[in-house]
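Engineer: Any chance you can model this:
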Amino acid sequence: MGRMYICVTPYQLLLTILKIEDSKSELVLQEGITDKEIISNLSKERIFKKIDILNMLIFDGVKKYIINKREMAGFITRFKGVDDIYTYNDHTPIGWILDKYKIKYNLIEDGYDFFSYKYIDFRNRIFTKKSTIQDYKDLLKHLFFLRRTKGPGFSKYCQSIEVNDISVVPKDERYHKFKEVPRKELFENITEERKQLILRVFDVEELSEVKDNSVLILTQPLSIDGLMDSDDKQYGFYKRICDKYLSEGYEVYLKPHPRDGVAYENINGVKLIVQSVPMELIEVVSDVKFERIITHSSTAINFLTCGKEKEVFYDFNTREYDEKLLEKYKINKDEL
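Structural biologist: Numbers count the residues shown, from 1 in each chain. Here you go, the predicted structure:
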């Protein structure tokens, strides 16, 4: 009965639109895609056979990890009637549901080279010096959902894992599932017709008149993901970076992550890039070059070519900050 794509973020939706070859696929949008204009534009373009909104969770921290059982009942029946299900996250509640009801699915790498990062089971991450709030949230999610799998792609119901670069993936029990589909080629081979369709769906405008001495800062939902323990700390982290470049005469652009709930409008002098649109799409439609791109730990920075230099503060593999960058921006690790 065809294919079904499950998308949680605008970036996943963008990848899906790039991948589909006809209008016979079904699309399920989850909590991360709430822009009514994007959903309306999708319906107008008729590029999917059916579009549904799945409000699977009431989700905002530990206390609100509640599965909407009434909402899920109908979808579970539909999932079982689809030939091929494609999802970008199976280490989340949707993945646990697929695993629990023994529904086969295919996994598509979300973040750029996501599987190059060493996965450490949450049970080995808690009660250590490097433990984060997110590690303990993962423990509670496991207890609430009776999670059966070790992590992304480990479920026996996961049939394949599409990755950007197979040379960087771990050679563990999942290795036979990996198949390489270079992300760069996916974007480079966009036809003009598909490009215009994407622009209509996301209603995005190209960046223009970016000066040579410009920097781009990519935010992340650090407090939501447990990498910082408050919105104030997150705001302070990015403001410190913005202030440094503003004081040195740079033109500063800041692109909030789609899940970022922190408001940055109060940072005077900063030019905000629309939040709901993936930066990868903005780069496709804009012929710009920044002096430097800065991020806490976003994988998107690896894909972008619109920066002469790139700076990443945090390494997910080592779970350590770059001391030289902290010193450069006069950021005390204890403040993070």
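Engineer: C-alpha from now on. contacts and neighbour counts both.
Structural biologist: OK.
Engineer: List the contacts of the helix or strand where Ile293 lies.
Structural biologist: Taking DSSP states H and E as the criterion, Ile293 maps to strand 290-295. Under the contact criterion Cα atoms under 8 Å, 6 or more residues apart in numbering, strand 290-295 has outside partners 210-220, 301, 306-313.
Engineer: can you rerun that using 7 Å?
Structural biologist: Contacting residues not belonging to strand 290-295 are listed as 212-219, 306-313 [Cα atoms under 7 Å, 6 or more residues apart in numbering].
Engineer: Would you state the helices of the stretch 51-200 of the chain in chain order?
Structural biologist: 69-80, 93-100, 133-145, 183-188, 192-202 (DSSP state H, counting those that start in this stretch).
Engineer: Return the member of the ones you listed having the minimum mean pLDDT.
Structural biologist: Note on the helices of the stretch 51-200 of the chain: helix 133-145 shows the lowest mean pLDDT, a mean of 59.
Engineer: hmm, back to that, if we take the contacts of strand 290-295, which one ends up nearest to Phe115?
Structural biologist: Of all the contacts of strand 290-295, Phe115 sits closest to Val312, with 17.7 Å by Cα to Cα.
Engineer: what are the ranges of the strands in the stretch 201-336 of the chain?
Structural biologist: 214-218, 251-255, 271-272, 290-295, 307-312, 314-315, 320-321 (DSSP state E, counting those that start in this stretch).
Engineer: okay, the angle between the second one and strand 214-218?
Structural biologist: Using axes from the mean of the first three to the mean of the last three Cα atoms, to 10 degrees, one finds that strand 251-255 and strand 214-218 are set 20 degrees apart in direction.
Engineer: same for strand 251-255, what does it pack against?
Structural biologist: Contacts defined by 3 or more Cα pairs under 7 Å, 6 or more residues apart in numbering; DSSP states H and E place strand 251-255 against strand 214-218, helix 231-247, strand 271-272.
Engineer: pLDDT on that strand, on average?
Structural biologist: Per-residue scores along strand 251-255 average to 96.
Engineer: which parts of stretch 27-38 are buried?
Structural biologist: 27-30, 33, 38 (16 or more other Cα atoms under 10 Å).
Engineer: my bad, should have said stretch 318-327
Structural biologist: For stretch 318-327, the neighbour count (16+ other Cα under 10 Å) marks Tyr321 as buried.
Engineer: Other residues contacting it?
Structural biologist: Residues outside stretch 318-327 that contact it (Cα under 7 Å, 6+ apart): 130, 313-315, 332.
Engineer: Are any of those residues buried, and if so which?
Structural biologist: Using 16+ other Cα under 10 Å as the burial test, those include 313-314 as buried.
Engineer: which one of the contacts of stretch 318-327 is nearest Asp172?
Structural biologist: Among those, and counting by Cα to Cα, the member closest to Asp172 is Asp315, at 21.4 Å.
Engineer: Return the residues in contact with that closest one.
Structural biologist: By Cα under 7 Å, 6+ apart, the neighbours of Asp315 are 297, 321.
Engineer: Show me how far stretch 238-256 is from its chain's centre.
Structural biologist: 23 Å (Cα atoms, centre = their mean, to the nearest Å).
Engineer: ok, now stretch 25-44?
Structural biologist: 16 Å.
Engineer: do stretch 100-118 as well
Structural biologist: Relative to the centre of its chain, stretch 100-118 is centred 12 Å away, using Cα atoms, centre = their mean.
Engineer: what about dumping the CA coordinates of it to CSV?
Structural biologist: What follows is stretch 100-118, C-alpha atoms only, in CSV (Å, rounded to 0.1, in the frame of the first residue of the first chain):
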residue,chain,number,x,y,z
LYS,A,100,6.4,-2.4,20.6
TYR,A,101,3.8,-3.3,17.9
LYS,A,102,6.4,-5.1,15.8
ILE,A,103,6.0,-2.8,12.8
LYS,A,104,8.8,-2.9,10.3
TYR,A,105,10.3,0.5,9.3
ASN,A,106,13.3,2.1,7.6
LEU,A,107,15.4,4.7,9.3
ILE,A,108,16.8,7.8,7.5
GLU,A,109,19.7,9.7,9.1
ASP,A,110,18.5,13.0,10.5
GLY,A,111,21.5,15.1,11.4
TYR,A,112,24.4,15.2,9.0
ASP,A,113,26.6,12.2,9.7
PHE,A,114,24.6,11.6,12.8
PHE,A,115,25.9,8.0,13.0
SER,A,116,29.5,9.1,13.1
TYR,A,117,28.9,10.1,16.7
LYS,A,118,29.6,7.4,19.2
